[in-house]
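Asker: Here is my input; please provide its structure:
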Amino acid sequence: MPEGHTIHRLARAMNAAFGNTRVRLSSPQGRFETGAAELDGWVMARAEAAGKHLFMGFAPHEDTEPLRFIHIHLGLYGSWTFAGSERFHQVRAIGAPRKGLEVTSDGSWASIVPGVNVRLRIRGAEGLADLTGPNQCRVIDEAEREAVLERLGPDPLRSDADPREFVRRIKKSRQSIGQLLMDQRVCAGIGNIYRAELLFRARLDPYVPGNELTTPLIEALWEDLVPLMAYGERTGRIVTTQPEHRKIHRELNERTVPVYQNGDDDPASVPREESFYVYHRQGFPCRLCEASIRDADLAGRALYWCPRCQKRRVRKAGWTDVNSAASWAYTREGE
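Answerer: Sure thing, here's the model as predicted:
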């Protein structure tokens, strides 16, 4: 399932491609036919992300506030694919499949026939986007949009996020911090990769109850999470390792790790087998202490952690983590 940074990238791509322009909507699959017909020919005023939710606002006229929204949650299998002219601001694909739309033999994006599973096609003057396999795709009004936002915890990538609410929701719960970080009512946008990596970088025991954590430690989690996710939104990749920790086990073949990211074929990118400390590295040695990374089921999701490094339960006075946000600027992948 795409994590929050991916949905923010998607919102940015949608705004660049279709923002404040009149678009045509259709549902080749037929399952969104009524919703597409209702908003066909309207202006896509703006797209925004909140955690793993995408809201595309539509208005009857340009430069007006949206009256209706298409609310999309990609889930495990949803994806967007794009095609267009040279002037069309696009990404190839966002979501589960990473294969973009293939242009026809005459080089025209306009004559691409939608697949039978396309739930929604958005077509503008310079390009199109096809949605397949979403968990949710529905037309809602402003009140319904607000209701969804109210159910979510703070999103580290939104300007209206309140870190104090993140602290409050963790400290009031007796659930483990490993469970809480995956709860979208606690923090919107965190998925399994960010959960595993954030806890390792804090050297934090994933099973400690939230109400036993100190406020400074929870604040430190947020302070580390914000630049991590901002880097992911900017590049399309999750990279949590420090440069000095990436090639220490070069003799190990970790190419079998089932994690795929945008830019995997770019030689300038940090390879995915060097991008994580613990996620999907069960059985491999820890990059810092050589203990074997472990995995277990926690509330129906796989948890990854180092049993030797991750013993911290409180934040010690004067402690500065080697992997804190302050120690890495996240400016570009090689640094």
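
Asker: C-alpha only now, for contacts and for neighbours.
Answerer: Fine.

Asker: how near is the residue lying closest to V91 once chain neighbours are set aside to A45?
Answerer: Computed as C-alpha to C-alpha, 6 or more residues apart in numbering, the closest residue to V91 that is not its neighbour in sequence is F82, at 6.4 Å. Using C-alpha to C-alpha, to the nearest Å, F82 is found at 19 Å from A45.

Asker: do the same with R121
Answerer: Distance check for R121 against A45: by C-alpha to C-alpha, it reads 17 Å.

Asker: Low-confidence bits of the stretch 151-300 of the chain, can you list those?
Answerer: Scanning the stretch 151-300 of the chain for pLDDT under 70 picks out 250-260, 262-265, 267.

Asker: no wait, the stretch 1-150 of the chain
Answerer: Applying pLDDT under 70 to the stretch 1-150 of the chain flags residues 96-107.

Asker: shouldn't R195 be in contact with L181?
Answerer: Yes: checked against C-alpha atoms under 8 Å, the pair R195 and L181 is within contact range at 6.1 Å.

Asker: And these two? Which one has more around it.
Answerer: Higher neighbour count among R195 and L181: L181, with 25 against 21, using other C-alpha atoms under 10 Å.

Asker: Next up, the contacts around that one.
Answerer: 187, 190, 195 (C-alpha atoms under 8 Å, 6 or more residues apart in numbering).

Asker: Next step: the residues you listed restricted to helices.
Answerer: With DSSP state H as the criterion, helices contain R195 from among the contacts of L181.

Asker: would you list the contacts of L181 in CSV and tack on distance to A13?
Answerer: Below are these laid out as CSV (distance: C-alpha to C-alpha, whole Å):
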residue, distance to A13
C187, 23
I190, 21
R195, 26
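
Asker: Which member of the contacts of L181 is positioned nearest H73?
Answerer: Set against H73, the nearest of the contacts of L181 by C-alpha to C-alpha is I190 (14.3 Å).

Asker: what's the burial count for that closest one?
Answerer: Neighbours of I190 (other C-alpha under 10 Å): 25.

Asker: wait, it sits on G178?
Answerer: No: using C-alpha under 8 Å, I190 is not in contact with G178, being 11.2 Å away.

Asker: what bridges to T132?
Answerer: Beta-bridge partners for T132, by DSSP bridges, are S79, V118.

Asker: Is it correct that it is in contact with R119?
Answerer: Yes: using C-alpha under 8 Å, T132 makes contact with R119 at a distance of 5.4 Å.

Asker: Need the overlap of contacts for these two.
Answerer: Listed contacts common to T132 and R119 are nil; contacts here mean C-alpha under 8 Å, 6+ apart.

Asker: how far away is the residue nearest to H71 when sequence neighbours are not counted from V116?
Answerer: Excluding its sequence neighbours, the residue lying closest to H71 (C-alpha to C-alpha, 6+ apart) is F55, at 4.8 Å. Noted for F55: a distance of 24 Å to V116, by C-alpha to C-alpha.

Asker: okay, those two: which has more neighbours?
Answerer: For the pair F55 and V116, the greater number of neighbours falls to F55 (23 against 11), based on other C-alpha under 10 Å.

Asker: Name every strand pairing with the host helix or strand of I94 and say which way it goes.
Answerer: Using DSSP states H and E, I94 sits within strand 93-95. Paired neighbours of strand 93-95 in the sheet (DSSP bridges): strand 79-84 (antiparallel).

Asker: Quick one: list the elements packing against the lengthiest helix in the chain.
Answerer: Using DSSP H, we find that the single longest helix of the chain is helix 215-235. Identification of packing neighbours for helix 215-235 by 3 or more C-alpha pairs under 8 Å, 6 or more residues apart in numbering; DSSP states H and E yields helix 4-18, helix 163-171, helix 192-201.

Asker: CA atoms only for that helix, dumped as PDB, please.
Answerer: What follows is helix 215-235, C-alpha atoms only, in PDB (Å, rounded to 0.1, in the frame of the first residue of the first chain):
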ATOM      1  CA  THR A 215       7.000  13.500  25.800                       C
ATOM      2  CA  PRO A 216      10.600  14.400  24.600                       C
ATOM      3  CA  LEU A 217      10.900  10.900  23.000                       C
ATOM      4  CA  ILE A 218       7.600  11.200  21.100                       C
ATOM      5  CA  GLU A 219       8.500  14.700  20.000                       C
ATOM      6  CA  ALA A 220      11.800  13.300  18.700                       C
ATOM      7  CA  LEU A 221       9.900  10.700  16.700                       C
ATOM      8  CA  TRP A 222       7.900  13.400  15.000                       C
ATOM      9  CA  GLU A 223      11.000  15.600  14.400                       C
ATOM     10  CA  ASP A 224      12.700  12.700  12.600                       C
ATOM     11  CA  LEU A 225       9.600  11.600  10.700                       C
ATOM     12  CA  VAL A 226       8.900  15.000   9.100                       C
ATOM     13  CA  PRO A 227      12.100  15.300   7.100                       C
ATOM     14  CA  LEU A 228      12.100  11.600   6.300                       C
ATOM     15  CA  MET A 229       8.700  11.800   4.700                       C
ATOM     16  CA  ALA A 230       9.500  15.200   3.000                       C
ATOM     17  CA  TYR A 231      12.500  13.500   1.400                       C
ATOM     18  CA  GLY A 232      10.200  10.700   0.200                       C
ATOM     19  CA  GLU A 233       7.600  13.200  -1.200                       C
ATOM     20  CA  ARG A 234      10.400  15.100  -3.100                       C
ATOM     21  CA  THR A 235      12.200  12.000  -4.600                       C
END
